[in-house]
Each structure stands twice: as C-alpha cells, then as structure tokens.
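>>> could you work out the structure for the sequence below:
(chains A and B)
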Amino acid sequence: MARLRQLVQHPWVLGLTGVLLVLLIWTLATSLKLVDPLFLPSPSSVLAAGRSQAVQGLLWADLVASVGRVLAGFALSAVVALPLGIAMGTSTVINRLLEPLMGLIRYMPAPAFIPLLIIYFGLGELPKILLIFIGTLFFNTLMIMDAVKFVPRELVETALTLGGRTSQVLLRVITPCIAPQVIDAYRINMAAAWNLVIVAELVAATEGLGRRISLAQRFLRTDEIFLGLIVIGLIGLVIDLGFRLVMRRACAWAN
Amino acid sequence: MQLRVDQVDKSFGTGRNRKLVLDQISFSVNTGEFVALVGSSGSGKSTIMRLVAGLDRPTAGVISIDGSPVRGPGSDRGMVFQKYSLYPWLTAAQNVAFGMELQRLNRREIRERTSYFLEVVGLADAARRLPRELSGGMQQRVAIARALAAQPRVLLLDEPFGALDLQIRESMQEFMHDLWQRTGLTALLITHDLEEALLLAGEVHILAPNPGRIVRTVAVDLDRSDLRHLRVSREFLDLREELARCLRGLDPQLSPTP
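Numbers count the residues shown, from 1 in each chain, chains lettered A, B, ... in the order given. This is a model prediction of the structure:
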C-alpha cells in the first residue's frame, strides 16, 4: 500500500495514466464501433497510416520540412529578441520608442500577415520562416524586457561599485540573471511557432505536417489527420522537455 | 586617504513636489577610521550612502576622495548592501572573485586573493557553495569579502546586518570589529541601530529626519577588547541611553505629546 502511494506520487505516473486512459477509451470506442470510423479512426489504423507514410518516406520529409521551418524562424526570432529585449529593459529611451509600437503589432494576429508575405516573397520557405519570426518576435522581446526589469537593482549597483563598466554589467550581470526567464520565454513561445508553421503549411506548401493534414482532409483520410496531430503534439512535447532539460542543466541555481 | 562629504544637499522631485532629503551634510572619513551614521527612517541615511558610492548625484555640495570629486561609482568605494546582493548563479568563491575579474586582474592573483579573503571571513569551506546554500550571515560575510577583495579605499556598509536575526547580528558585529582590527580597513557604516554604531565606530554622527541632517557627533572612546562585555558595561549603556534619548527627541512621532 505504501509502495503504491509512493508510485502514484512520482510526477510521471499520473500523467502517463491520463494518456493511457484516453488511449483506452479511444480503443474501446472504435472497437465497439460506437463512432463512425470515418470520424474516429481506430488507433491501429492511425498506426498503420504512420507505418505506411514512414515506409514511403513521407513522414520523414514532412517532419524535416516542418521542424526546419520552426527552428529557422524561431532561432531568428530568439537571436533578435535577446538584444532587443535587453535594450528595451535597460534603456528608457529605447523602451519609450518601441514599447507602444510593439504593443500594437503584438495584437495583430500573425496569420493575417500570410497574404502579404505571399505577395512579397511567393510560396517558398522564406515567407513561412518570416511568419514564425513575426509571430514570436514580439512576445519573446517583451518577455525578455520584463525579465530585465526584474533584475534586482542591488545586483547591478554592486557590479558598478566593484568597478564594472556598462558592457560588463550587461554581459556578466543582466544576461546570466535573466537566463532562466529567457529560456522559459522561448519554451512558451515555441508553442506559438508550432501553431504558425502548421497554419502556413495549410495555406501553401508542398510538404510539411500541416500540408499532409490538409491533403488528408481532401481525401477524407481521418487516420492521416490524427497521425499528423499526434506527431505534431509529440514533437512539441520533445522540444518542451528539451528546454526544461537545458534549464535544469544551465540554470541549476534558479531552481 | 580622506573621504570628504562637504555641505551636501539632496532633494528629489521638481517644482511643488520638490522634497529636501539631505540638508548640509558634512563629515569626513580618514584612512583606518570607522565612522557611523545613525538615524531613523526618513533621515536620508541610505541616500547619503548612495551619494558617496556615486550611484546618485548630490543636488549641492561636494563629495571627494583625496580632493578629487566623486563623479560616479568606482572600485575605490566598495559597497555592502543590506541584502540580495550576491550573484545567485555564482558560488561563494566566484562571487568574491567577481570584482577582481571586472577589473581584469590576472588569474593567479584572483585565485590567491579569493582564497585569502574567504579565509579572512572564515568561509574557506564554503567556497563552492551557491548563495542560496548559505545562511544570511554567511551571505553577508561573502559580500564583505567580495567588497574587500576589490581593494576599495573605503568600505561602505549600508545596514549590512539589518536583515539578520539578533543573535547572528551580534556575532556579525563582533566579526566586523575583529576584521577592522586585523585588516586596518576604512569603513563608513549606516545603521538605525545605535548599539551597533557605538560598538564598531570611533565616530558616530546622529542624523535627524525630514530633512536629514547631522545634529550631533560623538567620538566614541571605549575599551573594545571584549565586545560582549562592552555591550553590558555601565559606561556603554549610559552613552547609548543618552543618544537614544536624543534620537527619540528628534522623531515627533516618538516624543510624548505635551
């Protein structure tokens, strides 16, 4: 009994139970034919669709295409947001200059930029990468700016009284101090990047997980739609866990 | 070395909201001296410290070190804040080394001085620990070691033991006195605790609030060979009581209504 309680208290056990429970209900519902298989394909048919796509090499190609776009767009956004956010958090002038502008653009839904991006850059990779860039840049920047504003004043002033110059304060006090919040901001906004890549691929693409889903819809292949959704969820989960791992490794002091 | 604060005024705000916080503050600290400023809240004592550290500018008057005016923060004036000033991502040793790294001392010297100053504050064993793994008193000792390692000409102590429990505070006062005697450092202490000021400082300035101004200066000449004994000695208690009465009289909220 005590051992069971201990087992249940392990953080992964209940989470895994939840997933298995849904799988079980899904299996039961399909094997008892409670729902039309066209609307709800069975787990085994989804698995079969996955196997067939994997054999054809489609799954891999889609994965590479989507992940590549997300990483390229998000990396660009992360690299620009870091200095921009730090600048906005430390300089009153830059802050007053940019914050209203960013507040405005932030509320424009990124997918609404798709038509413009297609007109400007056509249907290739660039508009998709830029969509992810636009859709995550402002959130990344504003979250980093907030993190900078919460750096304790004493930490900055201590460095100054130890003979530190402004550049040293930026690199050796502010940057390490905000690292945990920056990683967390990236982790959270990564989810938005995944939303955007799928939206972009639904609109116009020759390959990618979103493209596969929209093709599947045309042929009423709900098994492939389910497969696409599950794969997207799994990749998101892996990326999320990756960020958490980096956080635990690099910012042990903040836990 | 002489730190001079000469007829310094400080006011915040402009126009009708302008508020004078410091009024004609003058005092000096010479090499090897331990000087304390004592005042209640509202006496502007922390403002004085920020001005001396160069983190703020006086509205009028001059603060100078050996005749050259203070224009901003610098490593000649090391500061120990009340709390939250250790870098939480650095170990105790890395915190102590931090100032020397900012000043780009060579690596060997940094290593040697770091272990020396950790030894001085009695924390050689805690070198690899993160601040959160240290008690409040230990953290303040690391902060003091870090300030000293950067070779300041005067150490600015801004209520350094204010956030500590009473017992730890008393042992830290003894530690500070011992450190002052051993290293011959020069220190300016800001505190609201009269006992602390009288135990440590050779000269104590009493500040009156609203606006902050020095109303009394006392040269403290007591036998400090045993601080624990000193705390309860007649002479010490009398002086403390007299100054406490003076401080109470300055605060309208504490003096009995007529």
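
>>> residues in contact with the closest residue to chain B within the stretch 1-150 of chain A?
Ranked by C-beta to the nearest C-beta, the top residue of the stretch 1-150 of chain A for proximity to chain B is A:F150, at 12.1 Å. Every residue, glycine included, has its C-beta placed from N, CA and C. Contacts for A:F150 (C-beta atoms under 8 Å, 6 or more residues apart in numbering or on different chains) come out as A:Q181.

>>> phi and psi next, for it.
Main-chain dihedrals, A:F150, degrees, to the nearest 10: phi -90, psi 10.

>>> can you pull out the helices in the stretch 101-250 of chain B?
B:107-120, B:136-149, B:166-183, B:194-200, B:227-231, B:234-250 (DSSP state H, counting those that start in this stretch).

>>> A:T206 is nearest to which of those helices?
A:T206 lies closest to helix B:107-120 among the helices of the stretch 101-250 of chain B, at 55.8 Å (C-beta to C-beta).

>>> what is the closest one packed up against?
Contact partners of helix B:107-120 among helices and strands, from 3 or more C-beta pairs under 8 Å, 6 or more residues apart in numbering or on different chains; DSSP states H and E: helix B:92-102, helix B:136-149, helix B:166-183.

>>> out of those helices, flag the one nearest chain A.
helix B:92-102 (3.3 Å).

>>> got the CA coordinates for that closest one in CSV?
What follows is helix B:92-102, C-alpha atoms only, in CSV (Å, rounded to 0.1, in the frame of the first residue of the first chain):
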residue,chain,number,x,y,z
ALA,B,92,30.8,32.0,-2.9
ALA,B,93,34.3,31.9,-4.4
GLN,B,94,33.1,33.2,-7.8
ASN,B,95,31.3,36.0,-6.0
VAL,B,96,34.4,37.0,-4.2
ALA,B,97,36.4,36.9,-7.5
PHE,B,98,33.8,38.9,-9.4
GLY,B,99,35.1,42.4,-8.7
MET,B,100,38.7,41.4,-9.5
GLU,B,101,37.5,39.8,-12.7
LEU,B,102,35.7,43.0,-13.7
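
>>> which stretches in the stretch 51-200 of chain A count as helices?
Counting by DSSP H, counting those that start in this stretch, the helices of the stretch 51-200 of chain A are A:58-90, A:92-106, A:114-121, A:125-149, A:153-161, A:166-169, A:175-203.

>>> can you redo the ones you listed as JSON lines with mean neighbour count?
What follows is those, written out as JSON lines (neighbours: other C-beta atoms under 10 Å in any protein chain shown):
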{"stretch": "helix A:58-90", "mean neighbour count": "19"}
{"stretch": "helix A:92-106", "mean neighbour count": "13"}
{"stretch": "helix A:114-121", "mean neighbour count": "15"}
{"stretch": "helix A:125-149", "mean neighbour count": "22"}
{"stretch": "helix A:153-161", "mean neighbour count": "21"}
{"stretch": "helix A:166-169", "mean neighbour count": "14"}
{"stretch": "helix A:175-203", "mean neighbour count": "20"}
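
>>> center of the chain, which residue is that?
No chain in the question, so chain A it is. A:M190 (2.0 Å; C-alpha atoms, centre = their mean).

>>> think we crossed wires, I meant chain B
B:L157 (1.8 Å).

>>> skip the chain neighbours and tell me the closest residue to it.
B:L189 (4.5 Å; C-beta to C-beta, 6 or more residues apart in numbering or on different chains).

>>> residues in a beta bridge with the one you found, which ones?
On the basis of DSSP bridges, B:L189 is bridged to B:A36, B:L157.

>>> for it, give its distance to chain A.
16 Å (C-beta to the nearest C-beta, to the nearest Å).

>>> and the closest residue to chain A within the stretch 151-258 of chain B, how many neighbours?
Closest to chain A within the stretch 151-258 of chain B is B:L156: 7.6 Å, counting by C-beta to the nearest C-beta. Using other C-beta atoms under 10 Å in any protein chain shown, B:L156 has 24 neighbouring residues.

>>> quick one: residues contacting it.
Contacts of B:L156 by C-beta under 8 Å, 6+ apart are A:T161, B:M49, B:V52, B:A53, B:R77, B:G78, B:M79, B:V80, B:A187, B:L188, B:I190.

>>> correct me if wrong: the fourth one contacts B:D76.
No - under the criterion of C-beta atoms under 8 Å, B:A53 is not in contact with B:D76, lying 10.3 Å apart.

>>> interface residues of chain B facing chain A?
Contact residues, chain B versus chain A (C-beta under 8 Å from any C-beta of the partner chain): B:53-55, B:72-75, B:77-79, B:81, B:83-85, B:87-89, B:98-99, B:101-103, B:130, B:132, B:143, B:146-147, B:150, B:156.

>>> any idea how far the lowest-mean-pLDDT helix or strand in chain A is from the middle of the chain?
One helix or strand of chain A scores below all others by mean pLDDT, DSSP states H and E: helix A:2-9, with a mean of 77. In this view, helix A:2-9 has its centroid 33 Å away from the chain centroid, taken as C-alpha atoms, centre = their mean, to the nearest Å.

>>> got the CA positions of the following helix or strand past that helix in CSV?
Counting by DSSP states H and E, the next helix or strand C-terminal to helix A:2-9 is helix A:11-31. Backbone C-alpha positions of helix A:11-31 (Å, rounded to 0.1, in the frame of the first residue of the first chain) are rendered in CSV as follows:
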residue,chain,number,x,y,z
PRO,A,11,5.3,13.0,-11.1
TRP,A,12,5.2,10.9,-14.3
VAL,A,13,2.9,8.2,-13.1
LEU,A,14,-0.4,10.1,-13.0
GLY,A,15,0.5,12.0,-16.2
LEU,A,16,1.1,8.7,-18.0
THR,A,17,-2.1,7.3,-16.6
GLY,A,18,-4.1,10.1,-18.1
VAL,A,19,-2.6,9.5,-21.5
LEU,A,20,-3.2,5.7,-21.3
LEU,A,21,-6.8,6.3,-20.1
VAL,A,22,-7.5,8.4,-23.2
LEU,A,23,-5.9,5.7,-25.4
LEU,A,24,-8.0,3.1,-23.7
ILE,A,25,-11.3,5.0,-24.2
TRP,A,26,-10.3,5.6,-27.8
THR,A,27,-9.6,1.9,-28.4
LEU,A,28,-12.9,0.9,-26.8
ALA,A,29,-14.9,3.4,-28.7
THR,A,30,-13.6,2.3,-32.0
SER,A,31,-13.5,-1.5,-31.4
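
>>> other residues contacting helix A:11-31?
Helix A:11-31 is contacted from outside by A:L7, A:V8, A:L34, A:V35, A:P37, A:L40, A:P41, A:S42, A:P43, using C-beta under 8 Å, 6+ apart.

>>> and that helix with helix A:2-9, angle?
When axes from the mean of the first three to the mean of the last three C-alpha atoms, to 10 degrees is applied, the directions of helix A:11-31 and helix A:2-9 differ by 80 degrees.

>>> tell me the residues of chain A that contact chain B?
So chain A meets chain B at A:152, A:154-155, A:157-165, A:168, A:172-173, A:176-177, A:179, A:251, A:253-254 (C-beta under 8 Å from any C-beta).
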